[in-house]
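# Sequence plus the predicted model coming up.
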Amino acid sequence: MNQKRIALYAILLSLMTGGIILCTVRWKAWFGNPEEPVWQQDTGVYRFRTFAEDSLPTFQVHYEQRGRQTVPVWYDTATPDSLVFVLLGDVHNGIDSLQWEMIYQRHPQVDFYAQLGDFIERGYFYYAQQLVSELEGTPFEALPVVTTPGNHEYRKGIVRRLPPLWYELFPQPKNGPKRFIGTTYFVDFPQLRLIAIDTNGLQRISDFTQVNTWVSQAIQDAGERFVVVMMHHPVYSSAKGRQNIPVYITFRRILQQTDLVFTGHDHTYARRLPFVGTNSAKKFYRAKESDKNEVVCSEKQLYELVTLYRDTLTVETREINTGERIDYFQL
């Protein structure tokens, strides 16, 4: 047997061994949890309340001209001068019913909640049912949710795909760019435009161009409103070795025009206005040191309370279990 054949066999053996190891490590990630679902029947998928509905309790909707579009604007009927929402980073099915209750007990004035992707551990029915079970019976079950998918909701492969289950769970407004209907969109309130960007769906150069153009127009058409963006991948990563270069190149300049940008993915907390990275999961990374970050926090399960009262926007970052205030600022 000559040396070339030996080298070829060695390469093939290495590839096979690597493939077996990779499949072993990633089996759950690719094929989901093998345990039985929380409920056996997998028909009639539960739908969360969203601002894609025609009407919502405690809100009135008016249709107004914004730039080139006629859009619904949601007015809080109980407190028209204010708007309050809870914002969550990555969750990964990591907030139980008791924790949801504790958050609401601290802030019973919450109008809706927002989530930055990786709400569920994987894009499979088991985890969706687990999320419904965790929220069931809590006040958050009845509140509208604004969310965009993260990398854990997407099915992995040569081409990443978001399963139909996600769209069924979270039927969001369909005012976004063509290839991102329901995952990249905006919701308007009298003093606020909340923009959600699906960063994990950006897979082709044309995707980045299309979404960048759409975001630019959405910011421009917001008028005098506060503009708050929520997206999964950060523009400036706060954890070592996790910088997403295409997201950085695409959004670094354009998002400087906004008032706030909330991001997840890094499982740490870092404030570098207008960018705020946060984490609500029980999975933690350590924040890397940077002179540009005004506040950093590692190894805590957090949420943000965002309050808009007339022309002032206030953000409090708190620890989920204790309510301890980690950060506070106003715009």
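Structure's in. What do you need?
# Tell me where the stretch 51-200 of the chain has helices.
In the stretch 51-200 of the chain, the helices defined using DSSP state H, counting those that start in this stretch lie at 97-106, 125-135, 164-169.
# Which strands and helices lie in contact with the last one?
In this case it means helix 164-169. Judged by 3 or more Cβ pairs under 8 Å, 6 or more residues apart in numbering; DSSP states H and E, the packing partners of helix 164-169 are helix 125-135. In this view, the C-beta of every residue, glycine as well, is placed from N, C-alpha and C.
# so the helix it packs on versus helix 97-106, what angle?
If you take axes from the mean of the first three to the mean of the last three Cα atoms, to 10 degrees, helix 125-135 sits at 40 degrees to helix 97-106.
# Can you list the low-confidence ranges for the stretch 51-200 of the chain?
67 (pLDDT under 70).
# no, scratch that, I was asking about the stretch 201-331 of the chain
241.
# try 80 this time
238-244, 287-292, 294 (pLDDT under 80).
# quick one, what contacts the most centrally placed residue in the chain?
Residue closest to the average C-alpha location in the chain (Cα atoms, centre = their mean): Leu116, at 1.5 Å. The contact partners of Leu116, by Cβ atoms under 8 Å, 6 or more residues apart in numbering, come to 87-90, 147-148, 150, 230-232, 262-265, 278.
# Next: Leu313.
With Cβ under 8 Å, 6+ apart, Leu313 has these contacts: Leu192, Phe226, Val228, Asp259, Leu260, Val306, Thr307, Gln330, Leu331.
# Restrict the strand or helix carrying it to CA atoms and write it as PDB.
Using DSSP states H and E, Leu313 falls within strand 312-319. The C-alpha trace of strand 312-319 is given here as PDB (Å, rounded to 0.1, in the frame of the first residue of the first chain):
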ATOM      1  CA  THR A 312     -39.200  60.400  29.000                       C
ATOM      2  CA  LEU A 313     -38.100  56.700  28.500                       C
ATOM      3  CA  THR A 314     -36.800  54.900  31.500                       C
ATOM      4  CA  VAL A 315     -35.000  51.500  31.600                       C
ATOM      5  CA  GLU A 316     -34.500  49.500  34.800                       C
ATOM      6  CA  THR A 317     -32.500  46.200  34.700                       C
ATOM      7  CA  ARG A 318     -33.500  43.800  37.500                       C
ATOM      8  CA  GLU A 319     -32.600  40.300  38.600                       C
END
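# Since that was my last question, I'll sign off now.
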